[in-house]
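**Student:** got a sequence here, can you model it:
(one chain, ligands or ions: 1)
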Amino acid sequence: MFGEKFQRTYALTDQGVKNTKRGTLFTVITNLVVMAGTGILYLVMGSFMEILIGKSATTHILVPILLIIAFLLLSFLTHYLQYKATYGLVYGEVKTTRLHLAERLRKLPLGYFGKRDLADLTETLMGDVNRMEHVWSHVLGYLYGAYISTAIIAICLIFYNWKLAIACLWGVPVAFALLFGSRKLTARSSQITKAAAIRVSDGIQEALENVREIRATNQEKRYLSGLNEKIDQHEKVTIKGELTTGLFVNAASVIMRLGVATTILVGANLILSGQIDFMLLFLFLLVITRVYAPFDQSLALIAEMFVSQVSADRINEIYETPIATGSDTFKPQGHDIVFDHVSFSYDHKEVLHDVSFTAKEGQVTALVGPSGSGKSTCAKLAARLWDIDSGHICVGGVDISTVDPEALLTDYSMVFQDVVLFDDTVMENIRLGKRGASDEEVLVAAKAANCDEFVNLLPQGYATPIGENGAKLSGGERQRISIARALLKDSPIVLLDEATASLDVENETKVQAALSRLLVGKTVLVIAHRMRTVAGADHIVVLDNGYVAEQGSPAQLMQNHGIYRRMVDLQSESAHWKMN
Ligand SMILES: Nc1ncnc2c1ncn2[C@@H]1O[C@H](COP(=O)(O)OP(=O)(O)OP(=O)(O)O)[C@@H](O)[C@H]1O
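**Tutor:** Here you go, the predicted model:
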């Protein structure tokens, strides 16, 4: 009952399954204790009836009083234990699930984030886990407990009188069959509602991220009406979904209650034919109210359980996406990066074909080629941000697919155009390069990266907060912080997306000076957009449409009269036009 399938269906952790078992056990005990209360009532009524018809009572008056006191105490205790087991433990499960998901997301290949965007993933971590929390705490223990206790009670009732037992309980399986029959419909409408909710949060997030562009292009009205439409659609599908669920839940509840009528009818018939006495019918009528009670509570929740399947599936999808794994230690012999017949696809579309080249330690290797030829992809593969389809990528003789990405990246620094900064001080943003670096170390790196001069103009110097993603800094300043980080890390491999392309001349000179300090003696793989910046490279790999079109030193390639030569000529021509 609580096997692997159960765990997967409700996206539970191992501890969560244990908690659900406990919750179920205490629910069964609680239901049986409550049912015992009906027995006591039956006993009291029996004595009362005996007195009414003038017989002397067969049980002493103290017996029911003591039983009632015992019942109240036991009932209080079992309800308390049930509450603790069903609600109390769930908060821990919510926390563990969120931590597991966050840890898993951290290790997922980058390609995964192209499939599910930020709003979508946030919805899983917050919304889907919240929905599951409700199911874990309010549904599972109660429902499974109700199944088991009702089965026990049903066996007892059949033992007493099978005809009355059937009249009393037939509604339960029929009501459940109806609900389970509607499962697909409910799950489908829940999927539609979820998709609509994600469209709304996507829309809001997009508006917040692109507020500058929206204003600059006077798109506010268009944007708002688009968002309005998404919200209306969400409202419409939510109402429709709730109506569908409500309809089935109410129908199931009515069917179950028909059991009261059939019990009275069959019971009256049995009394008239002398097969049972009135007290037995009375007992069944007492029991019936208690048998339905846990299900009544659960019926609406069952529907919620079906709806929650979408959330569980979305959580499971993160758990089940394979992560890049490998050895925790990375001990290469030197830091040459070797691409050996590497092919790679994004979503089954091959974008790199049989790429082979070596980026030697102590040298600058430049990747050049037209836009979309695969330069950035090569750089990302060199750091195992994705895994390749075929071939090998080795660093210092070690195949990087055998190394855990976290261990591997300790030997890499990356300086990309889109610098990521955090809403913290300049000092802390640089310190990210090396965990635990002292203030002195940070300041040395910052000076070497030419950060000093602009940081000293900030109101609190290195202690100045720089706003979300460094909103208060210029492009060149952000890049110098990123170079300072790399200098502080001082790792043997540097991946560089031609960091100076979008800077003005003064900033460019400063960033170049900082870079030249960073690159000494390292294995440098640079993605170059401008030919003049690669003229000083030791080795150039020219990519064209995912193939290596040519490679060699700048001088060799100039003599080849191939793509490289053409790109150099074109860029110097355009520079010439600009000057005229
Ligand atoms: N995340 C992605 N998902 C799917 N396809 C992608 C993804 N990133 C890049 N591509 C595709 O892979 C090919 C190579 O892209 P890549 O970014 O490596 O080229 P590039 O040479 O660096 O281009 P640019 O100079 O314009 O930055 C292109 O066809 C691009 O459309």
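**Student:** mind checking the longest helix of this structure?
**Tutor:** Secondary structure assigned by DSSP state H gives helix 220-272 as the longest helix of the chain.
**Student:** for the closest residue to residue 308 other than its chain neighbours, helix, strand, or coil?
**Tutor:** Nearest non-adjacent residue to residue 308, counting by Cβ to Cβ, 6 or more residues apart in numbering: residue 135, 4.6 Å away. C-beta coordinates here come from the backbone N, C-alpha and C atoms, glycine included. Secondary structure state of residue 135, per DSSP: H, G, I helix; E, B strand; the rest coil, is helix.
**Student:** ok, residue 135 - how many residues close by?
**Tutor:** Counted by other Cβ atoms under 10 Å, the residues lying close to residue 135 total 23.
**Student:** how close does it get to the ligand?
**Tutor:** With distances taken as Cβ to the nearest ligand atom, to the nearest Å, residue 135 is found 35 Å from the ligand.
**Student:** correct me, but that residue touches residue 10?
**Tutor:** Yes - Residue 135 lies in contact with residue 10 (Cβ atoms under 8 Å); the separation is 6.5 Å.
**Student:** shared neighbours, these two?
**Tutor:** Taking Cβ atoms under 8 Å, 6 or more residues apart in numbering as the contact definition, residue 135 and residue 10 share the neighbouring residues residue 308.
**Student:** the helix or strand following the longest helix of the chain - what's its average pLDDT?
**Tutor:** Tracing the chain past helix 220-272, the next element assigned as helix or strand by DSSP states H and E is helix 278-320. Predicted confidence along helix 278-320 averages 79 (mean pLDDT).
**Student:** chain center to helix 278-320, what's the gap?
**Tutor:** Relative to its chain's centre, helix 278-320 lies at 28 Å (Cα atoms, centre = their mean, to the nearest Å).
**Student:** residue 370: what secondary structure?
**Tutor:** Residue 370 falls in the coil class when you classify it by three-state DSSP.
**Student:** do you know how far residue 201 is from residue 11?
**Tutor:** Taken as Cβ to Cβ, to the nearest Å, the spacing of residue 201 relative to residue 11 amounts to 21 Å.
**Student:** neighbour count: the two, which is higher?
**Tutor:** Neighbour comparison, residue 201 and residue 11: the larger count goes to residue 11, with 27 against 18 (by other Cβ under 10 Å).
**Student:** A strand includes the more buried one, no?
**Tutor:** No - with three-state DSSP as the criterion, residue 11 is coil rather than part of a strand.
**Student:** quick one: pLDDT of residue 57?
**Tutor:** We note a pLDDT of 58 for residue 57 in this prediction.
**Student:** show me where the stretch 51-200 of the chain has strands.
**Tutor:** With DSSP state E, counting those that start in this stretch applied, the stretch 51-200 of the chain shows no strands anywhere along its length.
**Student:** burial count for whichever residue of the stretch 201-350 of the chain sits closest to the ligand?
**Tutor:** Checking the stretch 201-350 of the chain residue by residue against the ligand with Cβ to the nearest ligand atom singles out residue 346 as nearest, at 3.3 Å. The number of residues packed around residue 346, counting by other Cβ under 10 Å, is 12.
**Student:** what's across from it in the sheet?
**Tutor:** With DSSP bridges as the criterion, residue 346 is bridged to residue 349.
**Student:** can you report phi and psi for residue 391?
**Tutor:** Backbone torsions of residue 391, given as degrees, to the nearest 10, read phi 90, psi -170.
**Student:** swap that for residue 403, sorry
**Tutor:** The phi/psi pair for residue 403 (degrees, to the nearest 10) is phi -110, psi 140.
**Student:** that one: what's it in contact with?
**Tutor:** Residue 403 sits next to 326-327, 330, 384 when contact means Cβ under 8 Å, 6+ apart.
**Student:** out of those, which is most surrounded?
**Tutor:** Neighbour tally across the contacts of residue 403 (other Cβ under 10 Å): the maximum, 22 neighbours, falls on residue 384.
**Student:** that's a strand at that one, yeah?
**Tutor:** No - checked against three-state DSSP, residue 384 lies outside a strand; its state is coil.
**Student:** OK, contacts around residue 219?
**Tutor:** Counting by Cβ under 8 Å, 6+ apart, the residues that residue 219 touches are residue 213.
**Student:** for it, grab phi and psi.
**Tutor:** In this entry, residue 219 is assigned phi and psi values of phi -100, psi 10 (degrees, to the nearest 10).
**Student:** how much space separates it from residue 541?
**Tutor:** Distance check for residue 219 against residue 541: by Cβ to Cβ, it reads 41 Å.
**Student:** likewise residue 356?
**Tutor:** Here residue 356 is placed at a distance of 9 Å from residue 541 (Cβ to Cβ).
**Student:** hang on, residue 418 in a helix?
**Tutor:** No - in this structure, residue 418 is coil, not part of a helix, as judged by three-state DSSP.
**Student:** coming back round to it: more neighbours: residue 356 and residue 541, which one.
**Tutor:** Regarding residue 356 and residue 541, a neighbour count based on other Cβ under 10 Å identifies residue 541 as having more, with 26 against 14.
**Student:** any idea whether that one is helix, strand or coil?
**Tutor:** Under three-state DSSP, the three-state class of residue 541 is strand.
**Student:** that one: what's it in contact with?
**Tutor:** Shown here is residue 541, whose contacts under the criterion Cβ under 8 Å, 6+ apart are 357, 365-368, 378, 548, 551.
**Student:** I'd like the distance from stretch 345-362 to the chain centre, please.
**Tutor:** Offset of stretch 345-362 from its chain centre (Cα atoms, centre = their mean): 30 Å.
**Student:** list the contacts of that stretch.
**Tutor:** Applying Cβ under 8 Å, 6+ apart, the set of residues contacting stretch 345-362 is 111, 114, 334-344, 365, 374, 377-378, 381-382, 388-389, 391, 492, 521-525, 538-539, 541, 543, 546-548, 551.
**Student:** hmm, which of the residues you listed are the buried ones?
**Tutor:** The neighbour-count criterion (16 or more other Cβ atoms under 10 Å) marks 335-339, 342, 344, 365, 374, 377-378, 381-382, 388, 391, 492, 522-525, 539, 541, 543, 546, 548, 551 among those as buried.
**Student:** return the subset of those lying in strands.
**Tutor:** Secondary structure assignment (DSSP state E) places 337-339, 342, 344, 365, 391, 523-525, 539, 541, 543, 548, 551 from the buried ones among the contacts of stretch 345-362 within strands.
**Student:** with only the CA atoms kept, save stretch 194-203 in CSV.
**Tutor:** Extracted C-alpha coordinates of stretch 194-203, given in CSV (Å, rounded to 0.1, in the frame of the first residue of the first chain):
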residue,chain,number,x,y,z
LYS,A,194,-1.9,25.2,-13.7
ALA,A,195,-0.8,26.2,-17.2
ALA,A,196,-3.0,29.3,-17.1
ALA,A,197,-1.5,30.2,-13.6
ILE,A,198,2.1,29.9,-15.0
ARG,A,199,1.2,32.1,-18.0
VAL,A,200,0.0,34.8,-15.5
SER,A,201,3.2,34.6,-13.4
ASP,A,202,5.4,34.5,-16.6
GLY,A,203,3.6,37.6,-17.8
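**Student:** chain center to that stretch: distance?
**Tutor:** Its chain's C-alpha centre and that of stretch 194-203 lie 16 Å apart, by Cα atoms, centre = their mean.
**Student:** before we move on, what about stretch 169-185?
**Tutor:** With Cα atoms, centre = their mean as the basis, the mean position of stretch 169-185 lies at 32 Å from the chain mean.
**Student:** pLDDT weak spots in the chain?
**Tutor:** Within the chain, the set of residues satisfying pLDDT under 70 comprises 54-61, 111, 114-115, 294, 297-298, 300, 468-470, 499-507, 532, 573-580.
**Student:** where do the domain boundaries of it fall?
**Tutor:** If you go by automatic domain parsing, the domain ranges for the chain are 4-320, 328-411+496-510+524-580, 421-490.
**Student:** near the ligand, which residues of this protein?
**Tutor:** Taking Cβ under 6 Å from any ligand atom as the measure of proximity, the chain contacts the ligand at 114, 346-347, 351, 369, 371-377.
**Student:** circling back: of the contacts of residue 541, closest to residue 69?
**Tutor:** The shortest separation between residue 69 and any of those is 79.4 Å, and it belongs to residue 378 (by Cβ to Cβ).
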